[in-house]
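> Output the structure for:
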Amino acid sequence: MLLEKNKKERKMNNTAETKGFYEYRTTLRAMSDGVSLLTKNATMLLKATWPFLLIVSLIGAWFCLSVTGVASSLLIDSSSELDWGVLVMRFVVPGVFLAAGMLAFYAMVYTLFSKYIEKGFMPSITRKRFQIGPRITKLPRLLIGVLWALFVIGVYLALAVVLVSLSEWTLVLFVPCYVVLVFWLFNQITGYVLISDTLMGSIRHSWGITVKGFGSFITVSVVLALILGVVGLISLLPSLCSNIIYVKAQMSLAEGDGGDLPNYFMPVYFLAVTVSVFLMLLLEAIGVSCWSMVYG
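Residues are numbered from 1 along each chain as shown. Reported below is the predicted structural model:
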């Protein structure tokens, strides 16, 4: 009766049969189900989350255009001094908004993935009236985990700078140790956010998982870099092409060319970057899902 009830509930939620979070034995199977978990629920997830994703994408496009504008100004006239007020408004302000938006985005992804851990499948998610997305419950834990990871990386890099100044041979040890540290920190965040363990508990437990499954985490990193990297490059083509056109036009104007871009170019440029950022966010969600599945 219980099995029939679970199958009926899975069918009502339009989900495929997947193993539990702790039942995987191979890395590739975990990655495969990490992808299918989102792609087979893509319609439902997009209906529930698209306003939030669109807002973060618009902030990302704002930041990219601001960086491009500052970079092109320096490229055209490297001797010019930037006004700090202008620099803050064009670079720091959108950067802060983008960092907050990305933090909330990753918290939303972890929140959605935690529903799979609790139920064994992705339940139907709806966006209530006047809500831009589902209720995010993992934001405080993710914020603490990210701050801890930044603190550890900052201490490690400061120690590396001091030791490298004494002897360059310390890089032989510090570079591979840094790779292990990054994997460990990713797993600390995953364990702390998803398993709801204490921070110290997640540090201890993730260390054993990182050491035992180091080959699996290298595999998932390489595969995601190859596959999602290629797809991501295709997704970035509209914004890259627009960026090249914009920079070349600015350089031509600096050289005395009277030609200028049409009036509709900047709105098209902004739209192209927004679409690229939106697609990259979806790829990032798949990457988080795969990594978390391998961790489990």
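> shaky segments in the chain?
The model of the chain has pLDDT under 70 over residues 1-25, 73-88, 129-130, 253-261.
> which helices and strands does the longest helix that it contains pack with?
If you go by DSSP state H, the chain has its longest helix at helix 214-254. Counting contacts by 3 or more CB pairs under 8 Å, 6 or more residues apart in numbering; DSSP states H and E, helix 214-254 packs against helix 27-39, helix 42-76, helix 171-194, helix 265-295. C-betas here are computed from N, CA, C, even on glycine.
> Remind me what the first one packs against, helices and strands.
Identification of packing neighbours for helix 27-39 by 3+ CB pairs under 8 Å, 6+ apart yields helix 214-254, helix 265-295.
> so how far is the first one off the chain centroid?
For helix 214-254, the distance from its own C-alpha centre to the chain's C-alpha centre is 14 Å (CA atoms, centre = their mean, to the nearest Å).
> if we compare the helices and strands packed on helix 27-39, which one ends up closest to V35?
Nearest to V35, of all the helices and strands packed on helix 27-39, is helix 265-295, at 5.7 Å by CB to CB.
> Show me which positions of that closest one end up buried.
269-270, 272-295 (16 or more other CB atoms under 10 Å).
> so I132 is in which element?
Per DSSP states H and E, I132 falls between elements, in no helix or strand.
> And for it, nearest residue in space, chain neighbours not counted?
P51 (4.1 Å; CB to CB, 6 or more residues apart in numbering).
> Run a quick neighbour tally on that neighbour.
Using other CB atoms under 10 Å, P51 is surrounded by 12 other residues.
> gap between it and A149?
Taking CB to CB, to the nearest Å as the measure, P51 falls 29 Å from A149.
> Same check on A160?
Using CB to CB, A160 is found at 16 Å from A149.
> My read is that P51 contacts K128, right?
No - with contact defined as CB atoms under 8 Å, P51 does not reach K128; the gap is 11.7 Å.
> residues touching L240, list them.
Contact criterion CB atoms under 8 Å, 6 or more residues apart in numbering gives no residues in contact with L240.
> Repeat that for V231.
Shown in contact with V231 (CB under 8 Å, 6+ apart): L283.
> Start at 56, not 1
Right, with 56 as the first residue, what we last looked at is V286.
> Starting from S331, give me the distance back to the residue nearest in space to the middle of the chain.
Geometric centre of the chain, nearest residue: E339, 4.4 Å, by CA atoms, centre = their mean. Taking CB to CB as the measure, E339 and S331 are separated by 13 Å.
> Can I get stretch 109-125 in CSV, CA atoms only?
Output in CSV follows, covering the C-alpha atoms of stretch 109-125 (Å, rounded to 0.1, in the frame of the first residue of the first chain):
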residue,chain,number,x,y,z
LEU,A,109,14.6,37.3,-14.6
ILE,A,110,15.4,39.9,-11.9
VAL,A,111,18.8,38.4,-11.2
SER,A,112,19.4,38.2,-15.0
LEU,A,113,18.6,41.9,-15.4
ILE,A,114,21.0,42.8,-12.5
GLY,A,115,23.7,40.6,-14.1
ALA,A,116,23.2,42.4,-17.4
TRP,A,117,23.4,45.8,-15.7
PHE,A,118,26.7,44.7,-14.1
CYS,A,119,28.1,43.3,-17.3
LEU,A,120,27.3,46.5,-19.2
SER,A,121,28.8,48.6,-16.5
VAL,A,122,32.1,46.6,-16.5
THR,A,123,32.2,46.8,-20.3
GLY,A,124,31.8,50.5,-20.2
VAL,A,125,34.5,51.0,-17.6
